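A.B. asks: This is a predicted model, with the sequence first.
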Amino acid sequence: MSLGASFPPEPDWQGSVSVREDVELARELARRMRPPGAARRTSVTDLLSLRPAYWRFTVGSPPITPEREALLESGRRLHRILGLVFAPQGQLEVRVHDDQVQGRVDVLSERPIEIKTSAYPPPSTDPVTERPDHVDQVAMYSALLGVDAARLVYLQTSGDEVRTAATFDLQFGSMGSVQDAMAERVRDLTAARATGSAGGLPRCPWYARGCEFRGAAVCDCTGDEPIGDSVTVGAEPHVTPRKDLAEQLEEAVRARWSVARPPTIRRFRDLLYPRRAYFESTPSPPTGAAPPFESDTDTYSRLVEALDIGPVGEATRLPTLADEPDEEVGGLRGAPVLVRTSRASQRLDPATVVERSPQYALQLGFRCVATGTDRGRLVLGYEKAAEAERIQVLEYRFEPSVTFSRVWRARTRRLEASRASADPTLLEACPSWMFEQCPYRDRCGCGSPTGRSQR
């Protein structure tokens with residue numbers, strides 16, 4: 001069956017895209033970048049558990065088991081749904097920082113809101129005594145924001161069932177004591193890294209609760225280390241249970257989940273490479289070797305941090321208009337943003353980038369459809385360039401934006417039809433550069449003489 005026999009051709013999406021270079025934003029981001037090789041800011045999550053943070057720095061994160069990855073994937077999906085529920089209340093995943101520490105607030109309204117999902121019941125009355133690490137986390141967010149209040153939201157789930165929710169408002173007395181405790185933890189962690197020993201760090205709160213480093217037998221913790229003080233010891237947090245907000249949350253999440261269905265599109269890349277998406281959704285595992293994992297380069301981590309340390313509210317997660325795909329959309333100044341690095345020796349030409357590198361336009365165009373916007377940014381870091389030429393920013397505009405909505409629908413219909421008929425040839429072949437490392441290359445047909453790049 002030919003593609004054209006069953007499906008109308010896609011709209012000419014390239015004609016709806018225009019690109020300009022944003023030199024001023026590139027210069028601004030370049031000024032924010034820390035020097036090459038310099039240590040990055042310490043994250044709030046690192047300060048919550050100093051020993052795991054030390055081991056991540058020393059040996060890297062242990063491989064994630066398939067069971068844990070499934071749990072993390074379920075948690076990410078739930079958090080994305082919660083983002084849709086909380087979007088009217090404030091900005092999502094707002095980056096906050098000072099000179100030494102950075103963090104990411106789940107929701108920021110008049111106070112930071114941290115959302116915790118778990119199969120375990122939420123605190124019964126007082127998270128200060130029952131979940132002190134959670135209180136420490138929101139206290140540090142409040143300190144970075146210069147406010148003295150926060151909110152903790154708990155949601156207990158089982159599969160796709162919402163069991164119960166709990167919400168607590170917190171008011172802190174002395175934020176100066178929180179800032180002092182954060183600075184002390186930064187010093188302790190920095191000293192441990194410098195000496196190559198975790199001996200002076202407090203007991204890991206996860207030691208007997210499924211610590212990934214203990215499970216991988218890479219740490220030397222004994223469980224007898226002294227317990228460190230909470231960062232809120234001097235802040236005298238006052239807790240107010242908010243049963244009214246918890247009830248509203250339960251209703252909103254249940255309403256959202258009641259209409260949820262298995263997604264046709266799990267990731268935006270499914271729309272770029274639908275034949276790969278077809279094979280990833282089949283029950284039979286891949287037979288080829290997966291490509292090796294490439295850790296973040298120094299340029300990439302510096303570039304991401306440069307985006308994250310702008311004014312509060314500049315870098316956020318953008319709320320999407322629907323439940324699909326199960327992927328978050330990062331935003332910069334209200335528009336979708338892609339951050340990539342390149343080893344190319346020549347910079348992208350705005351006049352030819354849509355034709356020569358169409359994947360960027362497609363990625364941003366589909367993200368604009370998902371968020372109801374009509375422009376997006378590509379922030380590209382060049383690994384081999386001099387510092388003054390390290391960053392390029394391209395702004396993409398999509399006019400009319402409905403063109404990419406039509407492309408989305410057309411590709412979704414084809415993917416649904418191919419799954420229903422178990423016929424991947426209904427889908428365009430992936431580009432040739434993907435074939436060599438594709439774990440499905442023994443059966444996908446993309447490398448055959450008739451295989452065609454979709455772009």
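C.D. replies: Looks like it came in fine.

A.B. asks: got any ranges where the stretch 201-350 of the chain has weak pLDDT?
C.D. replies: The stretch 201-350 of the chain contains residues with pLDDT under 70 at 258-261, 288-296.

A.B. asks: Please, where are all the helices along it?
C.D. replies: 212-215, 243-258, 269-272, 274-280, 298-308 (DSSP state H, counting those that start in this stretch).

A.B. asks: Identify each buried residue in the fourth one, please.
C.D. replies: So the one you mean is helix 274-280. Judged by neighbour count (16 or more other C-beta atoms under 10 Å), helix 274-280 contains these buried residues: Pro274, Arg275, Arg276, Ala277, Tyr278, Phe279. From N, CA and C alone the C-beta is placed, and that goes for glycine too.

A.B. asks: who does that helix touch, helix- and strand-wise?
C.D. replies: In terms of contacts (3 or more C-beta pairs under 8 Å, 6 or more residues apart in numbering; DSSP states H and E), helix 274-280 is packed against helix 269-272, helix 402-421.

A.B. asks: Equivalent analysis for the first one, please.
C.D. replies: The criterion is 3+ C-beta pairs under 8 Å, 6+ apart, and the helices and strands that helix 212-215 contacts are helix 50-59.

A.B. asks: Now do the buried residues in the helix it packs on.
C.D. replies: Neighbour-count burial for helix 50-59, with 16+ other C-beta under 10 Å as criterion, is recorded at Leu50, Arg51, Pro52, Ala53, Tyr54, Trp55.

A.B. asks: Which residue is the nearest non-sequential neighbour of the second one?
C.D. replies: Sequence neighbours aside, Cys204 is the residue nearest to Arg51 in space, at 4.0 Å (criterion: C-beta to C-beta, 6 or more residues apart in numbering).

A.B. asks: likewise the first one?
C.D. replies: Nearest residue to Leu50, sequence neighbours excluded (C-beta to C-beta, 6+ apart): Leu201, at 4.5 Å.

A.B. asks: which among the buried residues of helix 50-59 gets closest to Leu170?
C.D. replies: Of all the buried residues of helix 50-59, Leu170 sits closest to Leu50, with 22.7 Å by C-beta to C-beta.

A.B. asks: ok, that closest one to Ala38 distance?
C.D. replies: 21 Å (C-beta to C-beta, to the nearest Å).

A.B. asks: residue closest to the middle of the protein?
C.D. replies: Glu328 (6.4 Å; C-alpha atoms, centre = their mean).

A.B. asks: so who does the residue nearest to that one when sequence neighbours are not counted touch?
C.D. replies: Spatially, and ignoring its direct neighbours in sequence, Glu328 is nearest to Arg317 (5.3 Å; C-beta to C-beta, 6+ apart). By C-beta atoms under 8 Å, 6 or more residues apart in numbering, the residues touching Arg317 are Gly83, Leu92, Glu93, Glu328, Val329, Gly330, Gly331.

A.B. asks: 10 Å instead, please
C.D. replies: 79-80, 83, 87, 91-95, 104, 106-107, 328-331, 371 (C-beta atoms under 10 Å, 6 or more residues apart in numbering).

A.B. asks: now swap in Arg441 and tell me
C.D. replies: Applying C-beta under 10 Å, 6+ apart, the residues near Arg441 are Phe279, Pro286, Thr287, Gly288, Cys430, Met434, Phe435, Gly447.

A.B. asks: what number of residues lie near the closest residue to Gln171 other than its chain neighbours?
C.D. replies: Residue nearest to Gln171 in three dimensions, not counting chain neighbours: His238, with 4.5 Å by C-beta to C-beta, 6+ apart. The burial count assigned to His238 is 12, neighbours taken as other C-beta atoms under 10 Å.

A.B. asks: ok, Ala422 touching Thr282?
C.D. replies: Yes: counting by C-beta atoms under 10 Å, Thr282 is a contact partner of Ala422 at 8.6 Å.

A.B. asks: Between those two, which is the more surrounded one?
C.D. replies: Thr282 (13 against 8).

A.B. asks: Distance of the more buried one relative to Pro439?
C.D. replies: Distance from Thr282 to Pro439, by C-beta to C-beta: 12 Å.

A.B. asks: swap in Phe86?
C.D. replies: In terms of C-beta to C-beta, Phe86 sits 37 Å off from Pro439.

A.B. asks: So for those two, which sits in the more crowded spot?
C.D. replies: Taking neighbours as other C-beta under 10 Å, Phe86 and Pro439 compare with Phe86 leading, 21 against 16.

A.B. asks: quick one: contacts for that one?
C.D. replies: His79, Leu92, Asp106, Val107, Ser109, Ile113, Ile115, Val153, Leu249, Ala252, Pro319.

A.B. asks: Can you say which helix or strand has it in it?
C.D. replies: helix 66-86 (DSSP states H and E).

A.B. asks: Taking helix 243-258 as reference, get the angle to that helix.
C.D. replies: Per axes from the mean of the first three to the mean of the last three C-alpha atoms, to 10 degrees, the angle that helix 66-86 makes with helix 243-258 is 110 degrees.

A.B. asks: Now do helix 66-86: distance to the chain's middle.
C.D. replies: Mean-position distance between helix 66-86 and its chain equals 11 Å (C-alpha atoms, centre = their mean, to the nearest Å).

A.B. asks: how about that helix: buried residues?
C.D. replies: Buried residues in helix 66-86, counted by 16+ other C-beta under 10 Å: Arg77, Leu78, His79, Arg80, Ile81, Leu82, Gly83, Leu84, Val85, Phe86.

A.B. asks: okay if I get those residues as TSV plus pLDDT and distance to Val162?
C.D. replies: Shown next, in TSV, are the buried residues of helix 66-86 (pLDDT from 0 to 100; distance: C-beta to C-beta, whole Å):
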residue	pLDDT	distance to Val162
Arg77	75	13
Leu78	78	9
His79	76	14
Arg80	77	15
Ile81	78	10
Leu82	82	11
Gly83	79	16
Leu84	79	14
Val85	86	11
Phe86	87	15
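
A.B. asks: Closest one to Gln346 out of these, please.
C.D. replies: Closest approach to Gln346 among these (C-beta to C-beta): Arg80, at 37.1 Å.

A.B. asks: How about the closest one: what's its closest non-neighbour residue?
C.D. replies: Glu328 (5.8 Å).

A.B. asks: residues in contact with that neighbour?
C.D. replies: Taking C-beta under 10 Å, 6+ apart as the test, what Glu328 contacts is Arg76, His79, Arg80, Gly83, Leu92, Glu93, Arg317, Leu318, Pro319, Thr320, Arg367, Ala370.
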